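Engineer: Sequence and predicted structure below; questions after.
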Amino acid sequence: MDKDRISDIKKMALENRHHYFYINMNEYSDCGFFDGNKFLNDAGKKLKKKADILHAFPLNGELEELFCDNITVEWMKKLRELCSIYNCLLIINNRLDIARVIEADGVFFDKCGILIKDIIDISEGLIIGTNQENFEFADYIIDNKDTFHILD
């Protein structure tokens, strides 16, 4: 599929989506235990509030890295299913690898040392968001007031 067609599809997917919610897996982790049921329950509440886009933050830090990634993938796959039921886009924060594995709709880069233009080829088909100053290749940005803007 050509890149212009992909861009058009991504822009259409973002249009008329005004309810942007966040969920952070780290808020459901305590002393090495991740409460996945509470995580999904709270995500479901956000989706029932008519979330159009759910921006999910993967686990990091507290748990051993490999275990952390496996838990993240397991529960993000369940979140992906839940978002599909509610016709909500799922955007993963900073983790292109996890976004690909769980078949998320997009990835958001806020603390990425790599320029967006260098990520485009390996993120083909995904919606790309950022709050970085270098946003010329992104599909949307979140500004410093948490306002969502679709880019042309």
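Structural biologist: Ah, there it is.
Engineer: what about Lys117, how many neighbours?
Structural biologist: Lys117 has 12 neighbouring residues, counting by other CB atoms under 10 Å. From N, CA and C alone the C-beta is placed, and that goes for glycine too.
Engineer: Pull the distance from the helix or strand containing it to the chain's centre.
Structural biologist: Assigned by DSSP states H and E, Lys117 belongs to helix 116-119. In terms of CA atoms, centre = their mean, to the nearest Å, the centre of helix 116-119 is set 17 Å apart from its chain centre.
Engineer: By mean pLDDT, which helix or strand of this protein comes out lowest?
Structural biologist: Within the chain, no helix or strand scores below helix 3-14, which has a mean of 62 by mean pLDDT, DSSP states H and E.
Engineer: helices or strands next to the helix or strand just after the helix holding Lys117 in the packing?
Structural biologist: Toward the C-terminus, helix 116-119 is succeeded by strand 127-130 as the next helix or strand (DSSP H and E). On a contact count with 3 or more CB pairs under 8 Å, 6 or more residues apart in numbering; DSSP states H and E, strand 127-130 meets helix 3-14, strand 89-93, strand 106-109, helix 116-119, strand 140-142.
Engineer: can you state the direction angle for the longest helix anywhere in the chain and strand 89-93?
Structural biologist: Looking across the chain with DSSP state H, the single longest helix is helix 65-85. For helix 65-85 against strand 89-93, the angle by axes from the mean of the first three to the mean of the last three CA atoms, to 10 degrees is 160 degrees.
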